[in-house]
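> got a predicted structure here, sequence first:
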Amino acid sequence: MADATDAPTAKRARTEGPLGPLDSSLIDPSVTEKYTTTYQTAKPYPHVVISPMCPTDSTTLDDVKNEIVSHLEITFKETDLFKLYQTTDLANIGTSASSPELAEKLPSLMRLRTALYSQKFRNFVSSVTGCADLTDRIDMAASAYSQSNHLLCHDDVIGTRAVSYIIYLTEKDWTAADGGALELYPLAERPTPTETGGRLRGIPSAEPSTQVVPQFNSMMMFAVEPGVSYHSVQEVMTDRAPRLSIQGWYHRSHAPAGADMASISQLKTVRPLEAQPSYASVAITTDTAGATGEGGADTLPFLTDDALATLRQWVNPTYLAPEGLAKIRSSFEKDSSVQLHGFLIDNKGDTVRAACVAADVRDGLVEPSVGKYERGAPSPSSTDWEVVGPAHMQRYMRCRGGDVGVAGVLSGLFRTPALAQWMWAATGVRPVGTSSEARRFRPGSDYTVAHHGMLEDEMRLDASLCFVEDSTADAAAEWESGDVGGFQCYIAAEDEDTTAAEMYCDDDAEGNQLVSISPKSNTLSLVLRGPGTMRFVKYVSGHARSSRWDVTATYAVNQDDVGGEDESSDDDDDDAEASAEGASTDGKKSDATGESSDSESSSHTTNTSGTDGDSDSAVDSDTAVAAAINGTLSSLTPAARTSEITCDSASDSDSDDDSDSCSDTQLHNT
């Protein structure tokens, strides 16, 4: 932040028209009609870019940019939905709620604010968009997106918002390669068109159809419509300057119709009991008569000889030995979670990782890039992989067949009764049903978002075996830091209705605790998930060295094995059920503020800092915005004790010598 004694920007000696610092030609009937026609015919839904916003010989927006940089605090914010820097609400500057002297340092910004919400300009906005009766309510903030910052798909619907706008203050030579484009999404196509049309109501496609590159002195504008105005801000790729903008909304006196289809409402809608997910039954041997397998003679749980025969083809023998199983179960019973490194035997783990890396090279996913959703996407004739949406909840690739890489692990191990039997022996929680899939999260593209629709009515056991390119120390450190995303998070759902806060999240609001698990190749994570727990995989950055590949299984479990237990010594009884405090994290844990950042129209409320505290601690020091970032980045709270078990390199033989090569369980506090 610049010295508070800096003199305010001098006013320009320039005659202004009826719109003040804005281009007066905008209210010329022919110009208004031109923008109206453009707006009405735009796809995938009506929108328009007003350019120039201010006269081309004016320095108004240069002055506004300098004032923001010099005098406004910018705070780092990160959730499952976004990662960016944002100022406080600009509407309150100069009022009793904000220091009046601050307004004196922002003369150009104050004149711009007055012009934007003047009756004349609101009439122009109404004429172009067809949104009548806009009130004089001021609602605006500034955002800075540095390298890797992004905002995922949402529709902007909160309260009485009627029209969204973004005024771009980017570098004047900003290009598509720099990232940060505004992406617009059509509604998803129906599998079979009906008389109501070929699109699904309220459901966006997995990928955008239109991209608008931010250009200095332009204003993007569209009507806020529940379940229609879906958009996102593409990840910023450049490190030469941040993507700086002012975003805001014009309001009506009433909320829009159809608010039940708004993205925030959909994300906060709990699935009814009759729509709970189904699980395929699993065959678990519970009769110990004549059993000679591992896990203890004539005791439950145990591994049968048949199960061992299958498991020895895949699993590190350390994790099959009685001593290894005892350590795993002890850690899991204490923390409700555990991570097992080197889970597959060497020849299997190395082969799977190599296949994943080869696929990324083939698909051009090892070079930094965003907005190229065709990379890695299945061809129309492909039957092995499919893209999964909708974009306001998730985008990733799901395996539908094949036997190479993670597909082979899915069919050869995760969908076998042997692994379910092992889960029982390792955790003491008996699976009674299972649902599994193999996934690929491509760099610059894929993620999942936490939402209430994933909540279930009973405890579940989650298993995830991950693969990334982390063969070097630098690569492993990148994934561990969280800077490139791809980490998996668990968070306790908030007990609130579907009405999101309309104001910007300003401070360190308290919220539910969240746990994040860094991706590590050939590492199996086990987490006992409670009915009140949500989870997500953070957006994988376009700078990541590979996709995040994983094979996941969720097990319906015998509730008698988990019901009524409170193993935790903590006083957080509500976290005991959600298992949010116990999940294995590799030493990372962070806050969920429970407030909406509303950054460039964001409306989701699950907050996380899935990175270490020094990640993206400032925008590029060579840029002007660097001086403005004086807020404290979201830091990680002390983590609950988490369990990891690391084994020596396992033999790929089928030797019966299942000696214990595990190190002692490592308990971490950060």
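Arrived safely.
> can you name the element that comes right after the strand or helix carrying residue 358?
Element membership of residue 358, judged by DSSP states H and E, is helix 346-362. Moving toward the C-terminus from helix 346-362, the next helix or strand (DSSP H and E) is strand 385-388.
> neighbouring strands for that next one, and are they parallel or not?
Partners of strand 385-388 in the sheet, by DSSP bridges, are strand 394-399 (antiparallel).
> quick one: mean pLDDT over the strand it pairs with.
Rounded to a whole number, the mean pLDDT of strand 394-399 is 96.
> can you list contacts of it?
206-207, 376-378, 384-389, 406-407, 410, 437-442, 445-449, 537 (CB atoms under 8 Å, 6 or more residues apart in numbering). Every C-beta, even on glycine, is put in place using the N, C-alpha and C of the backbone.
> try it again with 7 Å
Here strand 394-399 makes contact (CB atoms under 7 Å, 6 or more residues apart in numbering) with 206, 376, 384-389, 406-407, 410, 437-442, 445-449.
> just the buried members of those?
Of all the contacts of strand 394-399 considered here, the ones buried according to neighbour count by 16 or more other CB atoms under 10 Å are 206, 376, 385, 387-389, 406-407, 410, 437-442, 445-449.
> show only the entries of the residues you listed found in strands.
Among these, DSSP state E puts 385, 387-388, 437-441, 447-448 in strands.
> any chance of the residues you listed in a markdown table, plus pLDDT and distance to residue 110?
As requested, these are exported to a markdown table (pLDDT from 0 to 100; distance: CB to CB, whole Å):
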| residue | pLDDT | distance to residue 110 |
| --- | --- | --- |
| 385 | 93 | 53 |
| 387 | 94 | 46 |
| 388 | 95 | 47 |
| 437 | 97 | 53 |
| 438 | 97 | 55 |
| 439 | 97 | 49 |
| 440 | 97 | 49 |
| 441 | 98 | 44 |
| 447 | 98 | 38 |
| 448 | 97 | 41 |
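> for those residues, give me CSV that also has distance to residue 168.
Below are those laid out as CSV (distance: CB to CB, whole Å):
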residue, distance to residue 168
385, 36
387, 30
388, 32
437, 40
438, 40
439, 35
440, 33
441, 29
447, 25
448, 29
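> quick check, nearest of those residues to residue 128?
residue 447 (33.2 Å; CB to CB).
> isn't the closest one right up against residue 152?
Yes - using CB atoms under 7 Å, residue 447 is in contact with residue 152, at 6.4 Å.
> overlap in contacts of the two?
Joint contacts of residue 447 and residue 152 (CB under 7 Å, 6+ apart) are residue 539.
> on that earlier part again, quick one: contacts of the helix holding residue 358?
With contact meaning CB under 7 Å, 6+ apart, helix 346-362 is reached by 314, 342, 344, 366, 404-406, 409, 467, 469, 521-522, 546-547, 549, 649-650, 652.
> among these, the buried ones, what's the PyMOL command?
To isolate the buried ones among these in PyMOL, judged by 16+ other CB under 10 Å, type:
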select buried, resi 314+342+344+366+405+406+409+467+469+521+522+546+547+549+650+652
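> show only the entries of the contacts of helix 346-362 found in strands.
Judged by DSSP E, strands contain the following of the contacts of helix 346-362: 467, 549.
> which ones among the contacts of helix 346-362 map onto helices?
Using DSSP state H, the subset of the contacts of helix 346-362 located in helices is 406, 409.
> pull out the buried positions in the helix or strand where residue 476 lies.
Using DSSP H and E, residue 476 falls within helix 473-481. When neighbours are counted by 16+ other CB under 10 Å, the buried residues of helix 473-481 are found to be 475-476, 478-481.
> so can I have TSV of the residues you listed showing pLDDT and distance to residue 124?
Rendered in TSV, the data for the buried residues of helix 473-481 read as follows (pLDDT from 0 to 100; distance: CB to CB, whole Å):
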residue	pLDDT	distance to residue 124
475	96	52
476	96	54
478	96	47
479	97	49
480	96	51
481	95	46
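> returning to what we had before: helix or strand right after the helix holding residue 476?
Counting by DSSP H and E, the element after helix 473-481 in chain order, helix or strand, is strand 488-492.
> tell me what that next one is packed against?
On a contact count with 3 or more CB pairs under 7 Å, 6 or more residues apart in numbering; DSSP states H and E, strand 488-492 meets strand 513-517, strand 533-537.
> quick one: contacts of the last one?
When you say that, I think you mean strand 533-537. Outside strand 533-537, the residues that touch it by CB under 7 Å, 6+ apart are 80, 441, 447-451, 454-455, 486, 488-493, 529, 548, 578-580.
> in the stretch 501-650 of the chain, which ranges drop under the pLDDT threshold?
Residues of the stretch 501-650 of the chain that meet the criterion pLDDT under 70 lie in 501-514, 563-650.
> what bridges to residue 50?
On the basis of DSSP bridges, residue 50 is bridged to residue 219.
> wait, what's in contact with it?
26, 35, 218-219, 221.
> so which of those residues comes closest to residue 49?
residue 218 (5.4 Å).
> neighbours of the nearest residue to that closest one once chain neighbours are set aside, how many?
Spatially, and ignoring its direct neighbours in sequence, residue 218 is nearest to residue 51 (3.9 Å; CB to CB, 6 or more residues apart in numbering). Here the number of neighbours of residue 51 (other CB atoms under 10 Å) works out to 15.
> low-confidence regions, the protein specifically.
Applying pLDDT under 70 to the chain flags residues 1-14, 96-98, 191-198, 274, 287-300, 495-514, 563-670.
> can you point out the buried residues in stretch 526-535?
Buried positions in stretch 526-535, judged by neighbour count with 16+ other CB under 10 Å: 526-530, 532-535.
> got TSV for the residues you listed, with distance to residue 561 too?
TSV is the format used below for the buried residues of stretch 526-535 (distance: CB to CB, whole Å):
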residue	distance to residue 561
526	14
527	15
528	10
529	14
530	14
532	19
533	17
534	23
535	21
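> let me know the closest of those to residue 141.
Residue 141 has its nearest neighbour among the buried residues of stretch 526-535 in residue 534, at 26.8 Å by CB to CB.
> ok, the closest one to residue 489 distance?
From residue 534 across to residue 489, the span is 9 Å (CB to CB, to the nearest Å).
> with residue 118 instead?
Counting by CB to CB, the gap from residue 118 to residue 489 is 44 Å.
> looking at these two, which is more packed in?
Neighbours of residue 118 and residue 489, each counted by other CB under 10 Å, are more numerous for residue 489; the result is 27 against 16.
> nearest residue to that one other than its sequence neighbours?
Distance criterion CB to CB, 6+ apart; nearest residue to residue 489, sequence neighbours excluded, is residue 516 at 4.6 Å.
> how many residues are close by that neighbour?
26.
> ok, now residue 188?
The local packing of residue 188 (other CB under 10 Å) involves 18 other residues.
> help me confirm that it comes into contact with residue 390.
Yes - counting by CB under 7 Å, residue 188 touches residue 390, with 5.8 Å between them.
> got any residues that touch both of the two?
Applying CB under 7 Å, 6+ apart, one finds that residue 188 and residue 390 are jointly contacted by 203-204.
> now do the helices in the stretch 201-350 of the chain.
263-267, 305-311, 322-335, 346-362 (DSSP state H, counting those that start in this stretch).
> can you redo these as CSV with mean neighbour count and distance to residue 76?
Below are the helices of the stretch 201-350 of the chain laid out as CSV (neighbours: other CB atoms under 10 Å; distance: least, CB to CB, whole Å):
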stretch, mean neighbour count, distance to residue 76
helix 263-267, 24, 22
helix 305-311, 18, 45
helix 322-335, 20, 30
helix 346-362, 18, 30
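> nearest to residue 130, out of the ones you listed?
Ranking these by proximity to residue 130 (CB to CB) places helix 263-267 first, at 21.9 Å.
> please tell me how far residue 268 sits from residue 456.
Separation of residue 268 from residue 456 (CB to CB): 16 Å.
> and what of residue 387?
Counting by CB to CB, the gap from residue 387 to residue 456 is 25 Å.
> one more: residue 76?
Counting by CB to CB - residue 76 and residue 456 are separated by 33 Å.
> again, but for residue 366
Residue 366 is 37 Å from residue 456, by CB to CB.
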